[in-house]
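K.L.:
pasting the sequence and the predicted coordinates here, then a few questions.
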Amino acid sequence: MPGPVSPSTSTRPGPAGASGNTITLKTTSITIVAGGYTGRYFLSTSGTDVEFHGNQAIVLVPGLSYALDNGTEAASAESSSDFVFSLDAAGMVSTSSAAATGSGNTLTLNAVPVQINPGAYSAAYYVQSLFPAPLSGPMTISLMPGLLYAFDDGAEVGGSSFLFDVDPSGDVSTTSSAASAAGGTLTLDTIVVHVDDPSSTTYTITGYPNLSSSADVVLISGLQAYLTGASDTVFFAPSPAVQVSIPGVTVTGPSAYSATVQSPIKQDGSSVFKSNRGVVPVKFTLSQDGASTCQLPGASISLIRTSGSVAGMVNESAYQMPSDTGSIFRIDSCQYVYNLGTSALGAGPYLLQISVNGAVIGSARFGLN
């Protein structure tokens, strides 16, 4: 018959040793090399209580798995902001994630360039992994591939942020209506609202502090914004129908413009042109509040290649012709006109956009072969 079980603690060989009533964890030191990633990160051993930046020497228990999060702390059905890496009994690091590479006792974070195109939005914005550093204007940032990230317009309230994914190859995607993604570029969808301030009351609207006059302000479409004065704050979703106010200041949507593409580009997106033709005339007509108008405000063109190895926003230097003035449409016979050079674009599908005051008011699709 077996004898009584000893009360002393025992353990199989692994990440800890035991003697009597004491468990002693084994430890090993690993190095995390940040590489081109300049953001913050967190380890599952310490959660958000300890924020890491740059290269770090970390003491961990071998034989276990750990999670590293990019600071977003979010997950979707397809992706997450963290990845798992493991240490074997000898302290050697391994991971199957595209976000990092394990070699010996070193975990090297991988990084890919992601371009943020804010369009006419000139205020500060934030990517959670780089917080609290504000970003502004067009930016190229280095992020870990294969992870989920959060963008915030600075209001830091429910509805002021959206998630975007950077896949293992560095391509960006999002389901948010606040932005569109193509290749490695995230392009913000903007909207212009009008602020009426007849008595020169000092106010702040998301990203634009201490204003004291009436103004047209570019905000990010679909994200919660705020309007604040000396003692009042209101939150609102920017839209053509918005109308909110604090004492002395009112925010409304602008007049509704809508542009429609004209021949030779078909409205159904089926047009395909030969790239060696040299130029495609781009023409749009304008409606205001549903009625055709020849009172045409200044407008600009943007071009996006929607698929392929070089998908993303196309630099205007690639399609500008001598008859063009930067990205600005000419006005001719009650139409917007732009001569789009095609020789340097290459074959593939493209999306044209026309914008007034930074807001996209019309678009057209076509292909080149």
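P.N.:
That came through fine.
K.L.:
can you report how many residues neighbour residue 134?
P.N.:
13 (other C-beta atoms under 10 Å). From N, CA and C alone the C-beta is placed, and that goes for glycine too.
K.L.:
wait, doesn't it sit right on residue 123?
P.N.:
No. Between residue 134 and residue 123 there is no contact under C-beta atoms under 8 Å: 9.1 Å.
K.L.:
where do the contact lists of the two overlap?
P.N.:
When contacts are counted by C-beta atoms under 8 Å, 6 or more residues apart in numbering, residue 134 and residue 123 are jointly contacted by residue 154.
K.L.:
tell me the buried residues in the helix or strand hosting residue 216?
P.N.:
Here residue 216 sits within strand 215-220, counting by DSSP states H and E. The neighbour-count check on strand 215-220 (16 or more other C-beta atoms under 10 Å) flags 217, 218, 219, 220 as buried.
K.L.:
any idea how far the last one lies from residue 146?
P.N.:
Put plainly, it is residue 220. Separation of residue 220 from residue 146 (C-beta to C-beta, to the nearest Å): 26 Å.
K.L.:
also residue 338?
P.N.:
39 Å.
K.L.:
that older thread, nearest to residue 81, of the buried residues of strand 215-220?
P.N.:
residue 220 (21.1 Å; C-beta to C-beta).
K.L.:
tell me who's in contact with the closest one.
P.N.:
121, 125, 153, 178, 179, 188, 189, 190, 191, 238.
K.L.:
again, only using 6 Å
P.N.:
By C-beta atoms under 6 Å, 6 or more residues apart in numbering, the contact set of residue 220 is 121, 153, 178, 188.
K.L.:
give me the beta-bridge partners of the last one?
P.N.:
Beta-bridge pairing of residue 188, defined through DSSP bridges, involves residue 179.
K.L.:
residue 149 now?
P.N.:
Going by DSSP bridges, residue 149 is paired in beta bridges with residue 164.
K.L.:
find the centremost residue of this protein, please.
P.N.:
Nearest to the mean C-alpha position of the chain, by C-alpha atoms, centre = their mean, lies residue 186 at 4.8 Å.
K.L.:
and it, how far is that from residue 299?
P.N.:
Counting by C-beta to C-beta, the gap from residue 186 to residue 299 is 23 Å.
K.L.:
and what of residue 312?
P.N.:
Distance of residue 312 to residue 299, computed by C-beta to C-beta: 22 Å.
K.L.:
repeat for residue 333
P.N.:
15 Å.
K.L.:
more crowded one of those two?
P.N.:
A count of neighbours by other C-beta under 10 Å puts residue 299 above the other of residue 333 and residue 299, at 22 against 7.
K.L.:
residues contacting the more buried one?
P.N.:
329, 336, 354, 356.
K.L.:
please redo it, this time with the cut-off set to 10 Å
P.N.:
Neighbouring residues of residue 299 by C-beta atoms under 10 Å, 6 or more residues apart in numbering: 257, 259, 284, 286, 327-331, 336, 338, 354-357, 361-362.
K.L.:
can you report how many residues neighbour residue 369?
P.N.:
Residue 369, neighbours per other C-beta under 10 Å, totals 10.
K.L.:
dihedrals phi and psi, residue 85?
P.N.:
phi -130, psi 160 (degrees, to the nearest 10).
K.L.:
higher neighbour count, residue 338 and residue 146?
P.N.:
residue 338 (27 against 21).
K.L.:
which helix or which strand is home to the more buried one?
P.N.:
strand 335-341.
K.L.:
and what of residue 226?
P.N.:
Assigned by DSSP H and E, residue 226 falls within strand 225-228.
K.L.:
partner strands of whatever helix or strand comes next after that strand and their direction?
P.N.:
Beyond strand 225-228 on the C-terminal side, the first helix or strand identified by DSSP H and E is strand 233-236. Take DSSP bridges as the rule and strand 233-236 pairs in its sheet with strand 225-228 (antiparallel).
K.L.:
break the chain into its domains for me.
P.N.:
The chain resolves into domains spanning 16-109, 112-190, 191-252, 257-368 when parsed by automatic domain parsing.
K.L.:
picking that back up, most neighbours of all the contacts of residue 220, which one?
P.N.:
Busiest of these [other C-beta under 10 Å] is residue 153, holding 27 neighbours.
K.L.:
hmm, that one is touching residue 136, no?
P.N.:
No. With contact defined as C-beta atoms under 10 Å, residue 153 does not count as touching residue 136 (11.7 Å).
K.L.:
who touches both of these two?
P.N.:
121, 123, 124, 125, 207.
K.L.:
let me know the closest of those to residue 83.
P.N.:
Once C-beta to C-beta is applied, the member of these that ends up nearest residue 83 is residue 125, at 25.2 Å.
K.L.:
the closest one: neighbour count?
P.N.:
22.
K.L.:
how near is it to residue 94?
P.N.:
36 Å.
K.L.:
equivalent analysis for residue 360, please.
P.N.:
With C-beta to C-beta as the criterion, residue 360 and residue 94 are 46 Å apart.
K.L.:
the more surrounded of these two?
P.N.:
For residue 360 versus residue 94, neighbours defined as other C-beta under 10 Å are more numerous around residue 360 (19 against 13).
K.L.:
neighbours around the nearest residue to the more buried one once chain neighbours are set aside, how many?
P.N.:
Nearest non-adjacent residue to residue 360, counting by C-beta to C-beta, 6 or more residues apart in numbering: residue 353, 4.9 Å away. For residue 353, the neighbour count with other C-beta under 10 Å is 18.
K.L.:
same thing with the one 3 residues further on?
P.N.:
Taking other C-beta under 10 Å as the neighbour definition, residue 356 ends up with a count of 22.
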